[in-house]
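got a predicted structure here, sequence first:
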Amino acid sequence: MNTFAKTAAAAALALAGPATHAAAQQVEFPEKCRSDISAGGTAAMDEMMPSANMTDYQHGYMEGMKKMMPNMMHGIMKDDADVAFICGMIAHHMGSIAMARVELEHGDNDYAKETAQKMIDRQIKDIQEMSDWVEQEVK
């Protein structure tokens, strides 16, 4: 499924109601943003943050970071500065969305939850635009 179709499907599901809104909005890291590097593992993050002492929401934030970091490394290692920036920002926005989803699941403050949902909506749109640019510009 292309990025436009994914975004359209996410938007349609988002209209179904708030219970499915966050789960429906899925984004993927563009294949053209991947580099010929080893993006490394997340062992260093595991060592920095011993999971035994973390709450459920802290685990959620860490899982989002673990998914974001390898993609960000792939993105910024592209051979073109413009492509590296856009690909790095796609990964960064994906990490922000992951954090916002944790807030929606675990948070209880209306302002924080509204902010999280706004971030998800705005950054999915940004990712779509950047992914379209990557698709057109990166050979």
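That came through, no problem. Residues are numbered from 1 along each chain as shown.

quick check: chain neighbours aside, which residue is closest to W133?
Leaving aside its chain neighbours, W133 sits nearest to I86 (6.0 Å; criterion: C-beta to C-beta, 6 or more residues apart in numbering). Every C-beta, even on glycine, is put in place using the N, C-alpha and C of the backbone.

centre of the chain to the strand or helix carrying the one you found, how far?
Secondary-structure element containing I86, defined by DSSP states H and E: helix 81-106. Here helix 81-106 is found 4 Å from its chain centre; the criterion is C-alpha atoms, centre = their mean, to the nearest Å.

which secondary structure elements does that helix contact?
helix 18-24, helix 56-76, helix 110-137 (3 or more C-beta pairs under 8 Å, 6 or more residues apart in numbering; DSSP states H and E).

counting neighbours, what do you get for M77?
16 (other C-beta atoms under 10 Å).

and the closest residue to it other than its chain neighbours, how far is that from K139?
Spatial nearest neighbour of M77, chain neighbours left out: S35 (4.1 Å); criterion: C-beta to C-beta, 6+ apart. According to C-beta to C-beta, to the nearest Å, S35 and K139 sit 14 Å apart.

now for the residue nearest to M77, how many residues are close by?
16.

need the three-state assignment for it.
Recorded secondary structure, S35: coil (DSSP: H, G, I helix; E, B strand; the rest coil).

in this structure it contacts P70, no?
No - proximity of S35 to P70 does not meet the contact threshold set by C-beta atoms under 8 Å, at 10.4 Å.
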